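K.L.:
got a predicted structure here, sequence first:
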Amino acid sequence: MAEADPEADPRTVGTVPDTVPRQRSGPDRATDPSAPPGGRPTPGDTDAPPEVDARELASRFEDEKPGRTLTGPIAVLLTGATLAVALLALWQVFRPLAQGSKYYLIFFLAGVLPLVFLAYPADLRLPRLRRNRDASTDRDVPSPAQARPARTGPSGVDWALAVAALVACLYPVLPVALAGGGGGYDAFLDRQGLLVGVDVAMGTVLLLLLLEACRRTTGWILPVVCLVFLGYGYYGGLLPQTWAVAHAGLDFGQIVDAFYNSDSGFYGTPLDVAATYIVLFTIYGAVLDRSGAGRFFVDLSAAAFRRSRTAAGRTAVASGFLLGTVSGSGAATTVSIGAVTWPILRRAGYPAERAGGMLAAAGVGAILSPPTLGAAAFIIAEYLGVSYLQVLGWAMVPTVLYYLGIVLSVEIDARRSGVRAAALPATSAWRLLARSGYHFASLFAIVGLLAVGVSATRAVVLATLLAIVLSYLDRKHRLTPPRLLDAFSGGARGVLAVTVVCAAAGIITATTTKTGLGPQAAALLVDAAGAVSSNPAVVLALTALLAAVALSLLGLAIPVTASFVIGWVIIGPALLDLGVSAPAAAMFVFYFAVLSEVSPPTALAAVAAAAVTGGRVVPTMWHTLRYALPAYLIPLAFVVTPTGLGLLGMGGPQRILVAGTVTALSVAVLAVAAGGWLPGVGPAGAPERVLGAVAGLTLLWLEPVPVAIGAVLAGAMAVGVFVRRGSTGSSGGTRAGSPA
């Protein structure tokens, strides 16, 4: 679950150290072509490495844009308002408002939307480009200082928009009659489908304000997508009725009614998730942050592998996993682990681009790692009507396989590139656990409470209370009342951007529901696959492949949450129509929405990693893609065959064991094919790598015959590597002359 404020990134949630050490070479290779290749030190350069604000760096590469840094009375006002939002969310858990969930959502949005206009600048001016060019893309790029939004206070226009947002949000509960409208909450609901002029006017104002809020927090793409859906709803009736996507047409009043006074519009499931789950988990993350958990996780990872030659890479991967359990943000986790582990990776001999790819791939795993998955995971629970614990169960095996692929790639790179052993802190992992292992207690508490039937909202609140109490075991990080209020306020501010994204997603879901676009688009997707073959298995595989491509392209432009919502209402029905189970279809859409964080040419996590390491951006992206390759393929496995449901923990122990084992073999073979090295044997040539790629893909079709063929091909690949080793006299360890 994404950014602006140094104290309140909704998905950094406390995993970003205050400063990031930079390489001694001084210039940032990501923006300065004159810097040494790979971000390595210039010979003879002994200047102390400068430091930058890591929270600021993380916010620059999140899905949402950085907000203002406010001071003085305005900062006090914003802190008080966000604290009120946090307390309202906590109150709703134990004392729900009697009028129901939608009534609460109205007040929650009224508390959040005005703050967006105060916390995020309009930033309409285009940044001036520097006269130099980025060597990796051969394009002009703005300097970091020029790319940042202005940090001035709110303007008069911002205040006016904030007041308008407050009025438009609270209008449905206004107890005073106004031009035939108003009259209170019940009267507003009674006019559903029969809105009067003032209702339509207020709904239109809220629509425009949400689009502007999305533009301020995420850029232009999501508002444009929303306008496309809005235009489709209004003009779709003019399309030739022979077209599959044509509909009867909606007038503007009907559209506004669907957005403003229905359960699938602004106040639909996405906003409900933001106002209940996401805000509470963000507050929990802020509390855990200020209790020192983030640094503990990184230190524990370093201590656990300090005696291994591949300790540097293993530390980065383990840190990404541990931080991901409380973060749910790819770019922010990447910056967090990079801040601490990049100096270690550099000393071990990793080039900047390869290290950046490793950091980005490990960081993106944060959105896939239980118990705090990304925001879309909570939406899955709501859409499917299941407990959040079930969603966590579905994510367990794929998460293990994802990190297995990264670990294998780390081991292969260490042997192929001759990575050196790097000196790590001498602190014992057991000593760290004895001193600070209590940070795990609240994480275990969430899972335990969910297991005994406690709701996710109550579980995270109780875990937050436990983290507060345990913070007093560490004098440096104990959460005194001022620090606790700061954590609550920071957590609530962190949810501002994701809240407006979720509310805007209601434009998409309401339009799809009213026009029937979902089934129509699903039919087109299935028909496209059916034009190639009439075999049901082939049609399913091609539909899944087309859906994966579509979701990957969609995720390049918009945040993960919005990408999932669009993918679910458009692509989800196609998979369901072909017999894919709802959990498999939902997790398929979720994984490909998440993978936009590592997909070129945007790959926010890779760009963030390049900013930390000073590596070239495009090569870093391709290294990230290589490390994350299994994540692109595993979702295909659990939709194309029934056995693949075992990867989601479904179908009994035997199916889970078979699916997990075969897919793990596939991941291992694909890692060898991508890395060009078989650990313990030696380098793999082009023929062996091709065999490995085919074997890995074949194994993912979890049926007896394809699995047997894949196993034979994998064996042939291994034999080929052995033969190559014998013919070249390789020792199977590091390259000749490489440091051990």
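P.N.:
Happy to help now that I have it.

K.L.:
skip the chain neighbours and tell me the closest residue to residue 671.
P.N.:
Nearest non-adjacent residue to residue 671, counting by Cβ to Cβ, 6 or more residues apart in numbering: residue 408, 4.0 Å away. Where you see a C-beta, it was placed from the backbone N, CA and C, and this is true even at glycine.

K.L.:
in a helix, that's where the one you found is, yeah?
P.N.:
Yes - per DSSP: H, G, I helix; E, B strand; the rest coil, residue 408 lies within a helix segment.

K.L.:
give me the residue ranges of the stretch 601-740 of the chain where confidence is low.
P.N.:
Along the stretch 601-740 of the chain, the model assigns pLDDT under 70 to residues 601-603, 728-740.

K.L.:
so which residues of it form strands?
P.N.:
With DSSP state E, counting those that start in this stretch as the criterion, the stretch 601-740 of the chain has strands at 677-678, 682-683.

K.L.:
quick one, which of the ones you listed is nearest to residue 556?
P.N.:
Of all these, strand 677-678 sits nearest to residue 556, with 30.9 Å by Cβ to Cβ.

K.L.:
how far does stretch 571-579 sit from the chain's center?
P.N.:
Between the centre of stretch 571-579 and the centre of its chain there are 24 Å (Cα atoms, centre = their mean, to the nearest Å).

K.L.:
which residues sit against it?
P.N.:
With contact meaning Cβ atoms under 8 Å, 6 or more residues apart in numbering, stretch 571-579 is reached by 518-519, 521-523, 525-526, 536, 539-540, 543-544, 547, 550-551, 582, 584-586, 588-589, 639.

K.L.:
which positions in it come out as buried?
P.N.:
Residues of stretch 571-579 classed as buried: 571-576, 578 (neighbour count, 16 or more other Cβ atoms under 10 Å).

K.L.:
out of the residues you listed, which comes closest to residue 107?
P.N.:
When these are compared for distance to residue 107 (Cβ to Cβ), residue 572 wins out at 30.8 Å.

K.L.:
what's the neighbour count on the residue nearest to residue 671?
P.N.:
22 (other Cβ atoms under 10 Å).

K.L.:
repeat that for residue 546.
P.N.:
Other residues close to residue 546 by other Cβ under 10 Å number 16.

K.L.:
quick check: chain neighbours aside, which residue is closest to residue 514?
P.N.:
residue 258 (5.0 Å).

K.L.:
residues contacting the closest residue in space to residue 181 that isn't next to it in sequence?
P.N.:
Of all residues not flanking residue 181 in the chain, residue 198 sits nearest, at 3.7 Å (Cβ to Cβ, 6+ apart). Applying Cβ under 8 Å, 6+ apart to residue 198 gives the contacts 178-182.

K.L.:
swap the cut-off to 7 Å and go again
P.N.:
178-181 (Cβ atoms under 7 Å, 6 or more residues apart in numbering).

K.L.:
that one and residue 204, how far apart?
P.N.:
With distances taken as Cβ to Cβ, to the nearest Å, residue 198 is found 11 Å from residue 204.

K.L.:
same check, this time on residue 695
P.N.:
Counting by Cβ to Cβ, the separation of residue 695 from residue 204 is 57 Å.

K.L.:
ok, back up a step: I'd like the strands of the stretch 601-740 of the chain as JSON lines, with mean neighbour count and distance to residue 375 appended.
P.N.:
Listed next are these as JSON lines, based on neighbours: other Cβ atoms under 10 Å; distance: least, Cβ to Cβ, whole Å:
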{"stretch": "strand 677-678", "mean neighbour count": "25", "distance to residue 375": "38"}
{"stretch": "strand 682-683", "mean neighbour count": "21", "distance to residue 375": "43"}
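
K.L.:
could you redo those as TSV and give each row distance to residue 248?
P.N.:
Listed next are the strands of the stretch 601-740 of the chain as TSV, based on distance: least, Cβ to Cβ, whole Å:
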stretch	distance to residue 248
strand 677-678	60
strand 682-683	63
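
K.L.:
so which of these is nearest residue 333?
P.N.:
So among those, strand 677-678 is nearest, using Cβ to Cβ, at 27.3 Å.

K.L.:
what segments of the stretch 301-450 of the chain are strands?
P.N.:
Going by DSSP E, counting those that start in this stretch, the stretch 301-450 of the chain shows no strands.

K.L.:
quick revisit: got a quick PyMOL command for the buried subset of the contacts of stretch 571-579?
P.N.:
Selecting only the buried entries of the contacts of stretch 571-579 in PyMOL, with 16+ other Cβ under 10 Å as the criterion:
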select buried, resi 518+521+522+523+525+526+539+540+543+544+547+550+551+584+585+586+588+589+639
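
K.L.:
what's the burial count for residue 433?
P.N.:
Counted with other Cβ under 10 Å, residues neighbouring residue 433 total 16.

K.L.:
for it, which non-adjacent residue is closest in space?
P.N.:
residue 300 (7.0 Å).

K.L.:
now residue 657
P.N.:
Residue 657 sits nearest to residue 646 (Cβ to Cβ, 6+ apart), 7.5 Å away.

K.L.:
what's the burial count for the one you found?
P.N.:
So residue 646, with other Cβ under 10 Å, has 26 neighbours.

K.L.:
which residues in the stretch 51-200 of the chain form helices?
P.N.:
54-60, 72-94, 101-119, 144-147, 156-170, 185-190, 197-218 (DSSP state H, counting those that start in this stretch).

K.L.:
out of those helices, nearest to residue 290?
P.N.:
The closest of the helices of the stretch 51-200 of the chain to residue 290 is helix 54-60. By Cβ to Cβ, the value is 12.9 Å.

K.L.:
quick one, helices of the stretch 451-600 of the chain?
P.N.:
456-470, 481-494, 496-515, 517-530, 536-555, 560-570, 572-577, 582-594.

K.L.:
export the ones you listed to JSON lines and tack on distance to residue 187 and mean pLDDT?
P.N.:
Formatted as JSON lines, these follow (distance: least, Cβ to Cβ, whole Å; pLDDT from 0 to 100):
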{"stretch": "helix 456-470", "distance to residue 187": "30", "mean pLDDT": "91"}
{"stretch": "helix 481-494", "distance to residue 187": "31", "mean pLDDT": "87"}
{"stretch": "helix 496-515", "distance to residue 187": "22", "mean pLDDT": "89"}
{"stretch": "helix 517-530", "distance to residue 187": "32", "mean pLDDT": "84"}
{"stretch": "helix 536-555", "distance to residue 187": "39", "mean pLDDT": "84"}
{"stretch": "helix 560-570", "distance to residue 187": "30", "mean pLDDT": "85"}
{"stretch": "helix 572-577", "distance to residue 187": "36", "mean pLDDT": "88"}
{"stretch": "helix 582-594", "distance to residue 187": "37", "mean pLDDT": "89"}
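
K.L.:
so what's the gap between the host helix or strand of the residue nearest to residue 433 and the chain middle?
P.N.:
Using DSSP states H and E, residue 300 maps to helix 293-304. Here helix 293-304 shows a centroid-to-chain-centroid distance of 22 Å under the convention Cα atoms, centre = their mean.
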